[in-house]
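Participant: compute the structure for the input listed below.
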Amino acid sequence: MKLLKFKLFISNYFQLFFWVIFLVCNAPSFAQDNMESVFKEGNNAYNDGDYNKAVHLYKQVLKMGQHSSILYYNLANAHYRLNNVAECIFYYEKAKQLDPDNEDLIINSAFAQNMTIDAIEPLPISQLTRIEDFFLNLLSIEGWAYTSILFAWLFVIFFAAYLLLNRSFWKRCFFTTSILSLLFLFGSYSLASVKDYKNKTTQYAILFSEQVNIRSEPNDRSEILFILHKGTKVQVTDSLQEWEKINIANGATGWIKNASLKNLN
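Facilitator: Numbering: from 1, shown residues only. Below is the predicted model:
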């Protein structure tokens, strides 16, 4: 009898063990299916004109851990329909971080910018800055890191071929390609480092306060330089207690107190 009970216990234990393994292995696919279901429900709500419900459902997908350009884009469109200026600009900016060349996104973002009170003319961008931004935006940080690893392997292979071969023609060819690989390695590594540094040190945010005074110094007695309104994009460069130093696109700078800012980084 004891032996039978022991066999039943072992059998139930293994069944439970395999069920746990099955659930753990399939949990990601269940979660993915659930996210897709909520996302589709949000799209249906948007198409039916129920924009508040669409916003609620899209935010649910965000809470599930899904971050994509199309999700931010749809969420921004829903906020645009609700005339939520700061919210739609914020999510358009988040979408542009993931898909900067999307034409529909650029056009809709420009329409959203027209809803803001502050008309800020950006400073002209120098040719050198344009070239730098072009190369930095060709790949993500991870992309440039993987490119560096690729060129490192190519350098090792080509240099090993240069050392092993005896014919002068092939030695010259592999020596040249190894040097080129080394140069591309340094270049891609430098781009990855610069992009990572800029991402960590450059902090942009969208202003969610209705109206705030921008002062020359971090105190209430200083001069008011200008006023900003909801939806304006700012760059946060410094902070001091409840004060933050900001730059805006036209180059103007100042200190802002107790403002509601939502970071884009």
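Participant: going forward, measure contacts between C-alpha atoms and count neighbours the same way
Facilitator: Fine.
Participant: host element of residue 146?
Facilitator: Residue 146 belongs to helix 141-164 when assigned by DSSP states H and E.
Participant: so which elements touch the helix or strand just after that helix?
Facilitator: Per DSSP H and E, helix 141-164 leads on to helix 168-201 as the next helix or strand towards the C-terminus. Packing partners of helix 168-201 (3 or more C-alpha pairs under 8 Å, 6 or more residues apart in numbering; DSSP states H and E): helix 127-136, helix 141-164.
Participant: go with 7 Å
Facilitator: The contact analysis (3 or more C-alpha pairs under 7 Å, 6 or more residues apart in numbering; DSSP states H and E) places helix 168-201 against helix 141-164.
Participant: next, the buried residues of the helix it packs on.
Facilitator: 141, 144-145, 147-148, 151-155, 158-159, 161-162 (16 or more other C-alpha atoms under 10 Å).
Participant: lowest pLDDT pick from those residues?
Facilitator: Lowest pLDDT of the buried residues of helix 141-164: residue 141, 83.
Participant: excluding its backbone neighbours, what's nearest it?
Facilitator: The shortest distance from residue 141 to any non-neighbouring residue, by C-alpha to C-alpha, 6 or more residues apart in numbering, is to residue 192 (5.1 Å).
Participant: residue 261 too?
Facilitator: residue 207 is the one closest to residue 261 (C-alpha to C-alpha, 6+ apart), at 4.7 Å.
Participant: and the one you found, how far from residue 231?
Facilitator: Counting by C-alpha to C-alpha, to the nearest Å, the separation of residue 207 from residue 231 is 5 Å.
Participant: neighbour-wise, which of these two wins?
Facilitator: The neighbour count for residue 207 versus residue 231, taken as other C-alpha atoms under 10 Å, is higher for residue 231 (27 against 24).
Participant: show the contacting residues for that one.
Facilitator: 85, 86, 89, 116, 206, 207, 208 (C-alpha atoms under 7 Å, 6 or more residues apart in numbering).
Participant: in a strand, it, correct?
Facilitator: No: using DSSP: H, G, I helix; E, B strand; the rest coil, the assignment for residue 231 is coil, not a strand.
Participant: not counting its neighbours along the chain, what's nearest the residue nearest the centre of the chain?
Facilitator: Geometric centre of the chain, nearest residue: residue 97, 4.9 Å, by C-alpha atoms, centre = their mean. Distances taken as C-alpha to C-alpha, 6+ apart place residue 69 nearest to residue 97, at 8.0 Å, with adjacent residues excluded.
Participant: go on, residue 161?
Facilitator: residue 174 (6.5 Å).
Participant: what do you get for residue 112?
Facilitator: residue 89 (6.1 Å).
Participant: name the element that neighbour belongs to?
Facilitator: Following DSSP H and E, one finds residue 89 within helix 85-98.
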